[in-house]
Each structure stands twice: as structure tokens, then as C-alpha cells.
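Participant: structural data only, the sequence is not supplied:
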Ligand code: GLY
């Protein structure tokens, strides 16, 4: 390969400004039309039981709801939802097959709160144990602590009976290797000059769109060389260019009014070893107060920690806000932390899942989605399982970090992941 991420970043900042992305939009003008409105049908006629979770929990929610209806515990129901993606090697945002840290090691985070007993448990930076959602619950049930991290959390998990296993699937390893090589203009990763395909770096004279096309095609070719399946190559390139944060949160309410919440993740792809985002932080990635409600988050962990998102939302509901107003207020705090500077806010996103004790709920997000036609969705079950579109605070679509020039249309058309 003959290109570097640093070149991309340098050239694309100029591209983004030229495209008008860099304007400091005034926040009120950027507000999405429905960001100030409630959803009467959701908030005025609530039902119970209710499960609300991130979109990737959809396939597991029907069974968890049936368990809840039969009298099952609310935290166990939540775990039955999030355990699905944790066990799925093809969900590379959670558990087995999660994208690894910069050293190629999968590190998982989770936290939970059990409303009826007002307890909490959490684990951060756990290696070699797939179901960290259950390890967090075990910390809650079997220790006098709330949070264990790293080697101590792994040892504890093994002590209480969780098996050690290799969490790095072949596909996630290859995506990590592709990322490693892509970022490798200063070290010895990627094939060297002896490789028959090596050629010196191209001069930066081509138009941006051409450079972009060349670079994606080279990355895709390298993905093919590494043996990544053809139908997943563009998705792999996307993950390399824009390391994702994926996660799942689930909040649960039963017909007695008992509530629990749980969040689990492999965190930001290619993170520094030891990095914990919001997901293991009680009050950021998840918060449940049996008297009020439950909330959780997926998205930019560092931003959510700074506004203690889930706790802020539950406190807002305590003071009378509806689920949607409570979530919007937390999103506005993220906007406030950047003084409404859209040049920065463009590169982050956040979705909150909010459930009040009476069954009213909301899904809210900072931006409308990643692109037109790809809105942020969440899963809800209140007797009917469905997918709903989250209500955005801001008009428009987030751009992923780091900044890049626009992707040529012909490269987008074949892949959901490059849209
Ligand atoms: N929200 C997941 C993370 O940032 O790790």
C-alpha cells in the first residue's frame, strides 16, 4: 500500500470545509423539527411490560419478552437480549468477535443495575470472557464491590465459573490486520519493497475524489488478499477508515413496575489497551432508578461520560421531563460541551434509550443517522415487537471520525457500510 491515514486526514479537512461542513451552524437552526415534540402515543398511553434496546437486540427481544411475561426477573430478561449479540461472532461490536484494541486483543465492558434490589455491577477491560453482561451481574451478586476491571475481573469471572475463550474471530483479526497495515507508514507492518505489488507513494496531485477511489480500492484489494469474504470487504474497509463504537443497551420494565438496565460492548475499535468508554460506567452507559425509570446509551463513549448521560436522563425524568425531553436535554449537554460547534459535533453521535416506570419510552439521537435512508433505529416491545426510528436533536447526518473527503458515489452503491 502506498497511502497513509495521515494523508487522508490532512487532505480531507480541506475537503470538508470546502463542502460547507465546516460552517459553525447556529444550534437553533440545526435543531431537527421534531426534537422538541413528544410522542403522544408513546408517552400518554404507556403499556407494561416494556423492553427497549438498541437495534441489534431485535432478534432476541421476543423470547426475552415472553420470559418477562411469565414472571421472569427484569435483569435476567435484559441479559437474554444482550447475550444474543455477545454470543454472535458476526456482531463485531459486542462479545465474541468484537473488534479488538490496537494490539489485536478484544477487551469488553459492561454494567447493569437491578431496580428491585437497587444494586449495580460492572466490569471493564475484560479479556477472554465472552458474556461480560453476566460477569457484571456476578460482581453485583457475589461480591461487596460494584466494579472490577482488567485482570482482576477476568480472574473473578473464571473463579465463578465463566470459561476462558479466544474472543478474536478470524474475521475480526483480519480487519484489525487491515487497520494495522493501513496506519503503517511509520513502522514495518504491511508488505515491504520486496513485495511484487509494492510501489512508491503517489504524488498528491490527483483530485481528491480520485485519490479516495484509489485508496478504497487498494484497501479492498488488501482485504481480499487477507482472505476477507467478498461480501464483507467493503464493510471491513469501512471499519478500518472509521473505527466504530457499536454497543447494546437494554432497559426492561415488568407489569409489577420493576425495572432493570444493562449495557455491554467491545468498545471503540482499535482503542488503546485499557480504554474504557461509557458502557461500564454506572450513570453513563446505563442507569436505573426503581422509583423513576431506566436509560442507556450507544455511541461516542467519551462524550457520554462527560454528561453522565444515563443518570442525567433519569434525574430529568425525576424532575418531571418526559422520556424524550429528558434524553434531548442530555444530548444538548453534549452540544454545549462543544459550544454548538458543528465542525466538531459532526464527528460524533449518540443514541439514548429511555424508559419511564409507567411504560412511556423514547429513543433519541444526536443526528438523524449516518446518511439519508439510514436513520438511527431502536427496538421496542410492549406487547408488539417493532423497530422504531429514534428522534434526532440535530438536522442532518453525522460524519465518522476521522474526517475524510466524500466517498465517490460509485463506491457507495454496492455497500450499506460505505453509505
Ligand atoms: N459506547 C461504547 C464505547 O464508546 O465504548
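Facilitator: Structure received. For clarity, every value in this text was computed on a predicted model and none was experimentally measured.
Participant: let's verify the residue in the stretch 1-150 of the chain that the ligand sits nearest to: helix, strand, or coil?
Facilitator: Residue of the stretch 1-150 of the chain nearest the ligand, by CB to the nearest ligand atom: residue 109 (6.3 Å). (C-beta placed from N, C-alpha, C; glycine too.) Of the three states, residue 109 takes strand according to DSSP: H, G, I helix; E, B strand; the rest coil.
Participant: quick one, what contacts it?
Facilitator: 123-126, 132, 264-267, 276-277, 279-280, 285 (CB atoms under 8 Å, 6 or more residues apart in numbering).
Participant: check the gap between it and residue 174 for me.
Facilitator: 23 Å (CB to CB, to the nearest Å).
Participant: in the stretch 301-419 of the chain, which residue sits closest to the ligand?
Facilitator: residue 301 (2.3 Å).
Participant: count of residues packed around that residue?
Facilitator: 27 (other CB atoms under 10 Å).
Participant: residue contacts, it?
Facilitator: With CB under 8 Å, 6+ apart, residue 301 has these contacts: 245, 267, 268, 276, 277, 278, 279, 284, 285.
Participant: please tell me how far the second one sits from residue 106.
Facilitator: The span separating residue 267 from residue 106 equals 9 Å under the rule CB to CB.
Participant: neighbour count: these two, which is higher?
Facilitator: Taking other CB under 10 Å, residue 267 and residue 106 do not tie; residue 267 has more neighbours (29 against 26).
Participant: leaving out chain neighbours, which residue sits closest to the more buried one?
Facilitator: Nearest residue to residue 267 in three dimensions, chain neighbours excluded: residue 277, at 5.0 Å (CB to CB, 6 or more residues apart in numbering).
Participant: hmm, the one you found is touching residue 268, no?
Facilitator: Yes: here residue 277 lies in contact with residue 268, judged by CB atoms under 8 Å, at a distance of 6.1 Å.
Participant: ok, back up a step: just the pLDDT for the residue of the stretch 301-419 of the chain closest to the ligand.
Facilitator: Looking at residue 301, its pLDDT is 96.
Participant: let the chain start at 60 from now.
Facilitator: I'll keep to 60 as the first residue from here, and by that count the last item is residue 360.
Participant: phi, psi of it?
Facilitator: phi -60, psi -40 (degrees, to the nearest 10).
Participant: against residue 270, how distant is it?
Facilitator: Residue 360 is 31 Å from residue 270, by CB to CB.
Participant: cool, and residue 248?
Facilitator: Where residue 270 is concerned, residue 248 sits at a distance of 22 Å (CB to CB).
Participant: what about the two, which has more around it?
Facilitator: residue 270 (19 against 14).
Participant: checking the more buried one next. Helix, strand or coil?
Facilitator: Strictly by three-state DSSP, residue 270 counts as helix.
Participant: so where's the stretch 310-459 of the chain shaky on pLDDT?
Facilitator: 459 (pLDDT under 70).
Participant: the ligand contacts on that one?
Facilitator: By CB under 6 Å from any ligand atom, the residues of the stretch 310-459 of the chain that approach the ligand are 324, 326, 327, 336, 337, 338, 357, 358, 360.
Participant: same deal with the stretch 160-309 of the chain?
Facilitator: 304, 306.
Participant: okay, which residue is most central for this structure?
Facilitator: Nearest residue to the geometric centre of the chain (CA atoms, centre = their mean): residue 305, 2.6 Å.
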